[in-house]
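S.K.: Fold the following and give me the result.
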Amino acid sequence: MSEARPNVLFLLSDQHSGRYLSRRYDSDPPVQTPTFDGLAASGTSFEQTYCPYPLCTPSRMSLLTGREAQRCGAWENWHMLPEGIPTLPESFSDAGYETCLVGKMHLGGDRQFVGFDERPYGDLTGMHGHQSDPPLSYWEERNSSGLRGEPGVTGIPESLLQERNTVEEGLSFVREHAASDAEDPWFLCASFSRPHAPFTSPSRYAERRDPDEVPDPEVWPEPGIDHPAVEPEEGEDVLEVRRQYFACIDYLDEIVGDFLALLDRSGHLENTVVVYASDHGSMAGEHGQTGKKVWYEESTRVPFTVQLPGQRSGNAESASVETPVSLVDLFPTLCRLCDVPVPAGLDGVDLSEAVRTGEEPDRGPVVSDYLSPSLDMTEYRMVRDGRYKYVYFPDHEDLLFDLEADPHERTDLSTDATGEDAAALDRLREYVSETIDFDVVRAARRRDEEQLTEHQLGGPGARTPLNAYHLPDGRVVDAGTPLYAPQVVAEEPSQVFRDWPGHE
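M.R.: Numbering: from 1, shown residues only. This is a model prediction of the structure:
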């Protein structure tokens with residue numbers, strides 16, 4: 001690595017399961033991901049990385065703070081990051097980096113910068129940055145309870161998609177920094193909405209595969225284990241969602257590939273650490289489900305690759321690390337790689353030596369929590385330790401899986417465990433009892449919910465839908481006006497052109 005501290009490009013996606021990378025398949029992969037595969041081939045890939053919480057906002061809060069959900073108020077999508085907790089971008093900014101966040105981050109409330117110096121584009125209003133597709137009117141979008149649209153071909157021009165805006169504003173930040181001749185390095189987080197719902201993409205991807213060309217889920221149509229904490233979805237829509245989810249992954253790979261190519265062409269990656277990760281996974285039809293929140297591998301496992309400048313140039317070896325790790329490890333790891341002081345009180349483990357050498361780290365158990373019961377999911381703590389996965393539920397029977405023998409989690413070992421399985425069960429039960437108290441968690445969650453005000457829930461521009469631009473003069477303006485409150489010049493353009501004088 002150069003003597004000068006490296007820049008950092010952190011590429012973050014939403015809901016990309018670590019299972020769905022084309023390099024993970026010997027033949028006929030359901031996705032085509034040459035960009036992500038290329039990063040792994042010329043970097044250090046952590047093959048068994050878990051999200052701290054299989055839901056957008058809580059996982060991102062944990063990632064940004066390097067703390068478990070229970071220690072940073074990460075309960076649900078509408079919660080906001082508490083004041084006083086150091087963040088990854090704040091630490092880099094304090095150390096002299098110029099930091100910038102572009103794109104979707106799904107932070108609740110009015111703390112939208114969370115330590116970043118700049119945030120020119122994204123979901124600045126305290127609402128998610130997922131674009132309803134096809135576009136709705138402004139008022140329909142405001143009054144809708146969630147994402148609108150069906151999986152398939154996007155109804156939004158590509159130039160107006162969140163991903164494209166993220167790339168353009170990200171490029172602008174890096175190029176402006178280079179043009180300023182600033183001596184300080186930069187830290188850019190480019191955060192993309194896909195492959196999250198509504199599972200739409202350009203037709204070249206949405207119609208790329210016939211439905212019968214997409215492999216069925218491994219555990220389908222039977223739900224696998226019978227457990228009261230989860231209910232399988234039903235219907236043929238599950239398979240169509242799966243097909244279009246894969247299309248969104250392919251499209252995201254193209255977008256990220258374009259971004260990296262443009263940065264590389266102008267030399268901006270020469271002394272840059274490149275990271276790719278996703279906040280959580282997606283079931284994509286496995287076990288009869290299409291969402292997240294659950295403890296299964298598809299939901300909790302994510303891609304995580306760190307590429308050093310020497311690896312990118314071919315002067316250092318790439319590596320593949322099999323030890324289970326967590327996204328909370330990113331905070332201390334990046335700090336160590338970039339000579340940035342590591343704040344006290346982090347739960348994440350420094351993996352910088354593993355990045356540099358490929359040696360397996362002594363990580364210890366990895367957890368993924370769901371701590372806010374809802375209509376479709378109960379509370380739990382999932383622990384991955386070696387070959388075993390253990391899931392504890394305060395109100396249901398626990399689960400134990402041997403992922404080496406049973407990678408698709410079909411067989412619960414907890415009821416008849418013997419020998420090594422029984423020893424693992426006892427050890428992991430004790431670990432959970434020592435590391436989390438659900439009564440304490442529930443009290444903390446209720447306290448935080450009582451303190452949420454309407455302003456905190458809505459953010460600074462709750463009446464503005466989706467994404468916004470933060471202009472140099474300080475104004476925050478709606479970025480979705482052409483889509484959600486358009487000035488319509490013609491309802492049927494083809495008729496207008498046919499009636500135009502001189503048209504034949």
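S.K.: where's P58, which helix or strand?
M.R.: Assessed by DSSP states H and E, P58 sits inside helix 56-65.
S.K.: helices or strands up against that helix?
M.R.: helix 88-94, helix 330-337 (3 or more Cβ pairs under 8 Å, 6 or more residues apart in numbering; DSSP states H and E). C-beta here means a position set from N, CA and C on the backbone, and glycine is covered the same way.
S.K.: Can you give the distance from it to the centre of its chain?
M.R.: How far helix 56-65 lies from its chain's middle: 9 Å, per Cα atoms, centre = their mean, to the nearest Å.
S.K.: Could you do stretch 362-380 as well?
M.R.: For stretch 362-380, the distance to the chain centre is 16 Å (Cα atoms, centre = their mean).
S.K.: So G126: helix, strand or coil?
M.R.: What DSSP: H, G, I helix; E, B strand; the rest coil gives for G126 is coil.
S.K.: That one reaches D110, doesn't it?
M.R.: Yes: the pair G126 and D110 qualifies as a contact (Cβ atoms under 8 Å) at a distance of 6.6 Å.
S.K.: What residues of the helix holding P58 count as buried?
M.R.: 56-65 (16 or more other Cβ atoms under 10 Å).
S.K.: List just the nearest of those residues to R312.
M.R.: For the buried residues of helix 56-65, the minimum distance to R312 (Cβ to Cβ) is 23.2 Å, reached by L63.
S.K.: Next one: the closest one from T305, what distance?
M.R.: 15 Å (Cβ to Cβ, to the nearest Å).
S.K.: Quick one: the helices in the stretch 351-500 of the chain, in order.
M.R.: Assignment of helices within the stretch 351-500 of the chain using DSSP state H, counting those that start in this stretch yields the ranges 352-357, 419-435, 438-451, 454-458, 481-484, 493-499.
S.K.: Give me the residues contacting the longest one.
M.R.: Outside of helix 419-435, the residues within contact range by Cβ atoms under 8 Å, 6 or more residues apart in numbering are 365, 367, 381, 383, 385-386, 388, 390, 392, 398, 400, 402, 413-414, 417.
S.K.: Could you check how far that helix is from the centre of its chain?
M.R.: That offset, for helix 419-435, works out to 30 Å (Cα atoms, centre = their mean).
S.K.: how about the buried residues of helix 56-65 in a markdown table, adding distance to S191 and pLDDT?
M.R.: Output for the buried residues of helix 56-65, formatted as a markdown table (distance: Cβ to Cβ, whole Å; pLDDT from 0 to 100):
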| residue | distance to S191 | pLDDT |
| --- | --- | --- |
| C56 | 11 | 95 |
| T57 | 12 | 95 |
| P58 | 16 | 96 |
| S59 | 12 | 98 |
| R60 | 9 | 97 |
| M61 | 14 | 97 |
| S62 | 15 | 98 |
| L63 | 11 | 98 |
| L64 | 11 | 98 |
| T65 | 16 | 98 |
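S.K.: Do you know the pLDDT at G458?
M.R.: As predicted, G458 sits at a pLDDT of 54.
S.K.: Equivalent analysis for P215, please.
M.R.: 92.
S.K.: Leaving out chain neighbours, which residue sits closest to S326?
M.R.: V366 (4.8 Å; Cβ to Cβ, 6 or more residues apart in numbering).
S.K.: Quick check, the one you found in contact with F46.
M.R.: No: V366 is beyond contact range of F46, at 10.7 Å (criterion: Cβ under 8 Å).
S.K.: so what sits against both of those two?
M.R.: In contact with both V366 and F46: V325, using Cβ under 8 Å, 6+ apart.
S.K.: so after the least confident helix or strand in the chain by mean pLDDT, what's the next helix or strand?
M.R.: Across the helices and strands of the chain, mean pLDDT, DSSP states H and E gives its lowest value to helix 138-143, namely a mean of 55. Reading on from helix 138-143 to the C-terminus, the next helix or strand found by DSSP H and E is strand 152-153.
S.K.: Now do the helix or strand following that following strand: which elements does it pack against?
M.R.: Following strand 152-153 in sequence order, the next helix or strand is helix 162-179 (DSSP H and E). Judged by 3+ Cβ pairs under 8 Å, 6+ apart, helix 162-179 is in contact with strand 98-103, strand 118-122, strand 186-191, helix 237-265.
S.K.: So which of those is nearest Y469?
M.R.: strand 118-122 (5.5 Å).
S.K.: So which other helices or strands are in contact with the closest one?
M.R.: Using 3+ Cβ pairs under 8 Å, 6+ apart, strand 118-122 sits against strand 98-103, helix 162-179, strand 468-470.
S.K.: Pull out the buried positions in the second one.
M.R.: For helix 162-179, a neighbour-count test (16+ other Cβ under 10 Å) marks 162-171, 173-174, 177 as buried.
S.K.: Pull up the gap between the most centrally placed residue in the chain and E222, please.
M.R.: Nearest to the geometric centre of the chain sits D279, at 2.4 Å (Cα atoms, centre = their mean). Per Cβ to Cβ, D279 is found 29 Å from E222.
S.K.: for D437, same thing?
M.R.: 36 Å.
S.K.: More neighbours: which of the two?
M.R.: D437 (14 against 11; other Cβ atoms under 10 Å).
S.K.: Backbone dihedrals for that one, please?
M.R.: phi -120, psi 110 (degrees, to the nearest 10).
S.K.: any weak-confidence spans in the stretch 351-500 of the chain?
M.R.: 375, 454-465, 493-500 (pLDDT under 70).
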